[in-house]
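Peer 1: for reference, the sequence and a predicted model appear below.
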Number of protein chains: 2
Amino acid sequence: MKGEYRMPNESNIAESKITEMAKAARAASMEIASCSSAKKNEALLNIAKSIEKDAPVIKTENKKDLNKAKDAGLSAAMTDRLTISDVTIKSMTDGLRDVAALDDPVGSMSKTWQRPNQLQVARMRIPLGVIGIIYESRPNVTVDAAGLCLKAGNAVILRGGSEAFHSNQALAVSIRNALKESGLPGEIVQVVPVSDRKAVNVLLGQEEYIDLIIPRGGEGLIRFVVENSKIPVLKHYKGVCHVFVDEDADLEMAEKICFNSKVHRPGVCNAMETMLVHKAVAEDFLPVMGKSFAKAGVKLKGCKETCRILPDAEPASDADWAEEYLDLILAVKVVDDMDQAIRHMTEFGSNHTEAIVTQNYDRSRKFLRDVDSSVVLVNASTRFNDGGQLGLGAEIGISTSKLHAFGPMGLEELTTTKFVVFGEGQVREE
Amino acid sequence: MKGEYRMPNESNIAESKITEMAKAARAASMEIASCSSAKKNEALLNIAKSIEKDAPVIKTENKKDLNKAKDAGLSAAMTDRLTISDVTIKSMTDGLRDVAALDDPVGSMSKTWQRPNQLQVARMRIPLGVIGIIYESRPNVTVDAAGLCLKAGNAVILRGGSEAFHSNQALAVSIRNALKESGLPGEIVQVVPVSDRKAVNVLLGQEEYIDLIIPRGGEGLIRFVVENSKIPVLKHYKGVCHVFVDEDADLEMAEKICFNSKVHRPGVCNAMETMLVHKAVAEDFLPVMGKSFAKAGVKLKGCKETCRILPDAEPASDADWAEEYLDLILAVKVVDDMDQAIRHMTEFGSNHTEAIVTQNYDRSRKFLRDVDSSVVLVNASTRFNDGGQLGLGAEIGISTSKLHAFGPMGLEELTTTKFVVFGEGQVREE
């Protein structure tokens, strides 16, 4: 027996600790599932107040992470995302108050119908149960995700990046205190208290207690989660978004939309990565568009025809068509017609966001119908693929796979429906 | 190099064949996705006619399966389910005509709203893409599932049990001919042509081409699929369904409902497996109910109190409360109140179907809200958890997990939604 003795180490602690957390989350999920909207909103407002009160401690703990980041030589951009300033605190607490103001999806019955035997049937919206969120860096996700999951009646287990460990722990304490003060179990929002990577694997194996995993971060993190999870995952790989400038486009509008889609915030998933231009307008459109892109510092990688019209463009390689640059770089291709544009999107796109600029009615209808992406737009910037912008109130992420949710996910996507049946003694006769 | 040469065997054929089928299904799914409802309905009616025309061949091929079943000593019940008679043919073709008559969910936009910047946003229903169905025995599933997937705009790959191999191949040929005659690719409906078990594993690894797997069969098959699939699975483990007879129940109604829930068709997933009776009515209700159950040959396994009131009942063991008998056996427990009944359902149930019999308004509301099952009923038989009975038109299965679909799945559950956005040049300013 002596040989079998294993020293306790962080991995072993992680395993038992996380199983315990998952069980506690399941129990807490039953309490929050049947809470009234008023009670949930009160808790959200209490969390906002608690974070405001605890701001000094939270910022002190955040400093520990920032110092560690400095020692590790983290990039300025990463350090910026990690920093909790007064502005970050305000944005987090404003967010919680916004979520409190949203309609509660739980308990709503949007459809109801009657059967020939007088049974009345309805679909009632209910929470999913326990949600696991695995994310990187930004500590504001801890608060945003906790708020949305709670409002939708779910318990949540959060696992942030190890570089934000102290910040997330401080936020967790503040949230837990507010939950208890609201008369709710603190286990509704739990933050994994071990920085060990193994914790993620253990979390992904708790299929008995966790109903859904949402990973938020780079493609590497997401692939790791998808490959290792026994729990269903709502995933978002990448956004290779296209704008197609049709032969019947208003070219001034096209310039505005393409510029906004590429330049407004090039580092995010709904930025345009490839611009497709109908050959009939390429000679007129590309030189003007090329000039505004040049002014904004956008580097173009073009097909042969693009490079002929814009000699400054660099020739695109095959790999460019599938590239998510997340930078001021754009692939440009001249196409024969909309069908070729759609085929290109199907071959190289990521089912994320595609837009057409056109004044042609038939093609606008066909494009909306036939393009297989989570958000398809006519005459608007790709940057509108965002839960807030589309009116969902808030967003927990964007799904590019089709099951359960496709596109930006708001409160409703954190719920499901059950059937409720009102009878007066009906039985099956046949 | 010589040492590495592998003899071709059925496994190797299965692997390349199934990858090829999955690719072809993906290509075909794009064609069927943009088909009009009229075209899809025409194809469904052509498949019905084709199966009627090919009935003699189908029955001859079915004989081969039946002879093999006889040699293998299959039970009478299994043989019965395997048999394709004229009645089976009629039921399959009637089913196809019923599906043709249903509303097409694809392209519908049930919600639309406008944003402050005048963007009009809507959610449009679209097909899922490619669906894989893995099932046992009954060859009618081949036709039913093919019809539903096609109507919802999806391509489908079907993998039936090896005992129905010849029957399914004959049905596949008939369906394929009808699709071609309708001007559609035959690859919209494919039946796996190898009986090798390895085929299932290969199918479950085609995550690049297949969007959803639906297993239909016993718990063993479903667990195997869930554990081996890289593709999302809509699953249904078992139905441990409860009826709670409340203290304010109309006891005559309760007797009718409990009898129907248990006896109408004991071998199916929505049959009652445990009856919970409020202690205030147990002395009145159990003797009467016990008599009707005894007449129908139902064997009772009771808690201590039940056995006191009904001395013929056998004492229930702990395992009985979680048992899916699928037979004329029923577990019976006397409870103190509805809360205890709900706790019992939570601990031992399977989130499938639970009913309450009561005339009490508050408890009916609370039961509907708090019971965490895919179908929750007041004063109606559990046997109504069925797509046809609840008005979904048809059913591809019942999901007892919450993601994407919870409860009976009809045409709508074989689709998802994308966001479509109508603009006139909007860009993001902030």
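Peer 2: Great, that's in hand. Residues are numbered from 1 along each chain as shown, chains lettered A, B, ... in the order given.

Peer 1: residues in contact with A:K180?
Peer 2: Residues near A:K180 by CB atoms under 8 Å, 6 or more residues apart in numbering or on different chains: A:G186. Every C-beta, even on glycine, is put in place using the N, C-alpha and C of the backbone.

Peer 1: just the buried positions in the helix or strand encompassing it, please.
Peer 2: In the assignment (DSSP states H and E), A:K180 maps to helix A:165-181. In terms of neighbour count (16 or more other CB atoms under 10 Å in any protein chain shown), helix A:165-181 has its buried residues at A:165-179.

Peer 1: send over it as PDB, restricted to the C-alpha atoms.
Peer 2: Written as PDB, here are the backbone C-alpha positions of helix A:165-181 (Å, rounded to 0.1, in the frame of the first residue of the first chain):
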ATOM      1  CA  PHE A 165      -5.900  34.800 -11.400                       C
ATOM      2  CA  HIS A 166      -5.800  37.300  -8.500                       C
ATOM      3  CA  SER A 167      -8.200  39.700 -10.300                       C
ATOM      4  CA  ASN A 168     -10.700  37.000 -10.900                       C
ATOM      5  CA  GLN A 169     -10.500  35.700  -7.300                       C
ATOM      6  CA  ALA A 170     -11.100  39.200  -5.900                       C
ATOM      7  CA  LEU A 171     -14.100  39.600  -8.200                       C
ATOM      8  CA  ALA A 172     -15.400  36.100  -7.200                       C
ATOM      9  CA  VAL A 173     -15.300  37.100  -3.500                       C
ATOM     10  CA  SER A 174     -17.200  40.300  -4.200                       C
ATOM     11  CA  ILE A 175     -19.900  38.500  -6.200                       C
ATOM     12  CA  ARG A 176     -20.300  35.700  -3.700                       C
ATOM     13  CA  ASN A 177     -20.800  38.200  -0.800                       C
ATOM     14  CA  ALA A 178     -23.500  40.000  -2.800                       C
ATOM     15  CA  LEU A 179     -25.300  36.700  -3.600                       C
ATOM     16  CA  LYS A 180     -25.300  35.800   0.100                       C
ATOM     17  CA  GLU A 181     -26.600  39.200   1.000                       C
END
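
Peer 1: what mean pLDDT does it get?
Peer 2: Computed over helix A:165-181, the mean pLDDT rounds to 97.

Peer 1: please apply the same query to stretch A:240-249.
Peer 2: Stretch A:240-249 shows an average pLDDT of 98 in the prediction.

Peer 1: burial count for A:K53?
Peer 2: 13 (other CB atoms under 10 Å in any protein chain shown).

Peer 1: now swap in the one 3 residues further on and tell me
Peer 2: Neighbourhood size, A:P56 [other CB under 10 Å]: 8.

Peer 1: and the longest strand along chain A with chain B, contact?
Peer 2: Assignment by DSSP state E gives strand A:415-426 as the longest strand of chain A. Yes - judged by CB under 8 Å from any CB of the partner chain, strand A:415-426 comes into contact with chain B through A:416-426.

Peer 1: quick check: the farthest pair among the residues you listed?
Peer 2: Comparing every pair within the residues of strand A:415-426 next to chain B by CB to CB identifies A:T416 and A:G425 as the most remote, at 29.0 Å.

Peer 1: between those two, tell me which one has more neighbours.
Peer 2: Between A:T416 and A:G425, counted using other CB under 10 Å, A:T416 has the larger neighbour count: 25 against 16.

Peer 1: how far off centre is whatever helix or strand A:D339 lives in?
Peer 2: According to DSSP H and E, A:D339 maps onto helix A:338-348. Distance of helix A:338-348 from its chain centroid, counting by CA atoms, centre = their mean, to the nearest Å, is 25 Å.

Peer 1: what are the buried residues along it?
Peer 2: Buried residues in helix A:338-348, counted by 16+ other CB under 10 Å: A:338, A:340-342, A:344-345, A:348.

Peer 1: of those residues, list those near chain B.
Peer 2: Okay, of those, nothing touches chain B (CB under 8 Å from any CB).

Peer 1: and of those, the nearest to chain B?
Peer 2: If you rank the buried residues of helix A:338-348 by distance to chain B using CB to the nearest CB, A:I342 comes first, at 10.0 Å.

Peer 1: A:N117: neighbour count?
Peer 2: A:N117 has 14 nearby residues by other CB under 10 Å.

Peer 1: my bad, should have said A:Q359
Peer 2: A:Q359 has 15 neighbouring residues, counting by other CB under 10 Å.

Peer 1: then A:K39?
Peer 2: 13.

Peer 1: A helix includes it, no?
Peer 2: Yes - assigned with DSSP: H, G, I helix; E, B strand; the rest coil, A:K39 falls within a helix.

Peer 1: which one is the residue of the stretch 151-300 of chain A found nearest chain B nearest to, not counting chain neighbours?
Peer 2: Evaluated by CB to the nearest CB, the stretch 151-300 of chain A has A:N260 as its residue closest to chain B, separated by 3.6 Å. Using CB to CB, 6 or more residues apart in numbering or on different chains and skipping residues adjacent in sequence, the residue nearest A:N260 is B:V427, 3.6 Å away.

Peer 1: show the pLDDT at the one you found.
Peer 2: 98.

Peer 1: do I have it right that it meets A:H264?
Peer 2: Yes - B:V427 is within contact range of A:H264, at 7.3 Å (criterion: CB atoms under 8 Å).

Peer 1: so which residues of the stretch 51-200 of chain A form strands?
Peer 2: Taking DSSP state E, counting those that start in this stretch, the strands of the stretch 51-200 of chain A run over residues A:109-114, A:120-127, A:130-135, A:155-159, A:189-191.

Peer 1: next, format these as CSV and append distance to chain B, mean neighbour count and mean pLDDT.
Peer 2: Converted to CSV, the strands of the stretch 51-200 of chain A look like this (distance: least, CB to the nearest CB, whole Å; neighbours: other CB atoms under 10 Å in any protein chain shown; pLDDT from 0 to 100):
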stretch, distance to chain B, mean neighbour count, mean pLDDT
strand A:109-114, 6, 12, 91
strand A:120-127, 5, 21, 97
strand A:130-135, 11, 26, 96
strand A:155-159, 13, 27, 97
strand A:189-191, 20, 26, 97
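
Peer 1: right, and those - which one's nearest B:K299?
Peer 2: Here strand A:120-127 is closest among the strands of the stretch 51-200 of chain A (CB to CB), at 32.8 Å.

Peer 1: which residues does that closest one contact?
Peer 2: A:29, A:32-33, A:105-115, A:152-154, A:412, A:414-423, B:368-369, B:372, B:390-391, B:402.

Peer 1: pull out the buried members of those.
Peer 2: Neighbour counting by 16+ other CB under 10 Å classes A:29, A:32-33, A:105-107, A:152-154, A:412, A:414-423, B:368-369, B:372, B:390, B:402 among these as buried.

Peer 1: if we can go back for a sec, who touches both of B:V427 and A:H264?
Peer 2: Common neighbours of B:V427 and A:H264 (CB under 8 Å, 6+ apart) are A:381, A:383.

Peer 1: would A:I398 count as being in a strand?
Peer 2: Yes - judged by three-state DSSP, A:I398 forms part of a strand.

Peer 1: got the contact list for it?
Peer 2: Contacts of A:I398 were listed using CB under 8 Å, 6+ apart, and they are A:236, A:239, A:269-270, A:352, A:374, A:385, A:387, A:407-409.

Peer 1: what pLDDT does it get?
Peer 2: Reading off the model, A:I398 has pLDDT 93.

Peer 1: bridged to it, which residues?
Peer 2: Here A:I398 sits in beta bridges with A:P408, going by DSSP bridges.

Peer 1: ok, now how distant is A:V245 from A:W321?
Peer 2: In this structure, A:V245 and A:W321 are 17 Å apart, going by CB to CB, to the nearest Å.

Peer 1: neighbour count for the two, which is higher?
Peer 2: Using other CB under 10 Å as the criterion, A:V245 and A:W321 rank with A:V245 on top: 29 against 19.

Peer 1: bridging residues for the more buried one?
Peer 2: The residues that A:V245 bridges to, once DSSP bridges is applied, are A:V277, A:V357.
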